[in-house]
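J.: Quick one, what's the 3D model for this:
(one chain, ligands or ions: 1)
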Amino acid sequence: MTKHFIVIGNPIAHSKSPEIHTQFAAQAGLEISYQRQYCPDDAASFTAVIEAFFQGGGVGANVTVPFKQVAYECCAARGGLSEHAKVAGAVNTLLLNNALLKNGTPIAEAIYGDNTDGQGLVNHMTSLDWPLKGARVAIIGAGGAARGVILPLIEAGISELTLANRTLNKATNLVNELSAASETIAKQQINICSTETLSGEFDIIINATSIGLSGDTLPLSDELHSHYAYDMMYGRELPFLQHFAKRGAQTSDGYGMLIGQAALSFKRWTGHAIDVVKVTDSL
Ligand code: NDP
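T.: Residues are numbered from 1 along each chain as shown. Reported below is the predicted structural model:
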């Protein structure tokens, strides 16, 4: 029987998720339908869309801009949240909480939220053989993307973390919030600085800003060095990666993270683990 999935966003036409999940399903030998679902940009419309989807027999949904926080609030008040979703304050994967359904909870009240973005990044770096265990890591950016990757990176065993941002107090607030939300994060010493004062030698540096969308470049110090550089953006020339490649670093854009988070959602929904390298090569 065909299993139904959607990705909800606004805009949504550009989303690559249907192609990615169709490849996953072919690899897993499953019959699925995965559609793009446009939704007006308000919480009531979002809630109506996901309730109708799950009540109609839908198995799983991905959530993208601008609904990740709305989805978090929705699930917090309904079927619950995974640890990663709680700490990220955002949900990118929806499914039904079967334990609640078994207890007679109505479908609309059993919608559960997970967040696979950060683990998708960690899995991609691991597949590239980047040495996360014991790594000195710097993240630039203190928005939703940075928030989602900090716990998975610490869980992967990094030894030091520095968070840099254009607006310093946003980085400070983020670290305070995350430390209050997670004991694992509270135990990790996190250094904070502004982007232009970030300097020293790191094993891995991650661009988690949205600067790539504007075409501007980050003000990077000459005293900043890293063996590996990752930009969460993809699909265009990335000056951040060019900067570090010129200095001898290995680099990667965020396309593998996109595939990685999708593979984790797919596993959550279907139980099938995907060989992401095969999929990345064929897309
Ligand atoms: P947010 O809007 O939440 O945060 C934006 C961040 O970028 C802030 O830290 C902001 O700094 C910084 N920033 C924006 N413009 C500039 C600039 N001109 N100079 C310096 N810093 C700047 O965005 P998200 O965190 O949601 O997304 C960040 C990026 O990550 C996006 O490019 C997104 O596409 C990508 N992403 C990729 C994923 C993947 O699967 N590959 C998954 C999720 C996100 P300030 O606080 O000072 O405003």
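J.: which outside residues touch stretch 173-183?
T.: Contact partners of stretch 173-183, identified using C-beta atoms under 8 Å, 6 or more residues apart in numbering, comprise 83, 86-87, 89, 142, 146-147, 150-151, 163, 165, 185-186, 190, 192. Heads up, the C-betas are built off the backbone N, CA and C, glycines and all.
J.: any idea which of those has the most stuff around it?
T.: Among the contacts of stretch 173-183, the one with the most neighbours (other C-beta atoms under 10 Å) is Ile150, at 28 neighbours.
J.: which bits of this structure sit near the ligand?
T.: Contacts of the chain with the ligand, taken as C-beta under 6 Å from any ligand atom, map to 117, 141-146, 165-167, 170, 208-214, 216, 218, 232-234, 254, 257-258, 261.
J.: Going through the residues you listed, which ones are buried?
T.: Burial by neighbour count, 16 or more other C-beta atoms under 10 Å: within the residues of the chain next to the ligand this picks out 117, 141-142, 144-146, 165-166, 170, 208-209, 211-212, 218, 232-233, 254, 257-258, 261.
J.: Sort out which of those are in helices and list them.
T.: Counting by DSSP state H, these place Asp117, Gly144, Ala145, Ala146, Lys170, Met257, Leu258, Gln261 in helices.
J.: Is Gly58 in contact with Ile6, as I believe?
T.: Yes - between Gly58 and Ile6 there is a contact under C-beta atoms under 8 Å: 6.7 Å.
J.: Looking at these two, which one has more neighbours?
T.: Legend: neighbour count by other C-beta under 10 Å for Gly58 and Ile6, higher for Ile6 (24 against 21).
J.: and Leu30, backbone torsions?
T.: Torsion angles at Leu30 (phi, psi; degrees, to the nearest 10) stand at phi -110, psi 150.
J.: for the chain, where's the lowest mean pLDDT among helices and strands?
T.: Every helix and strand of the chain was ranked by mean pLDDT, DSSP states H and E. The lowest is helix 276-282, at a mean of 77.
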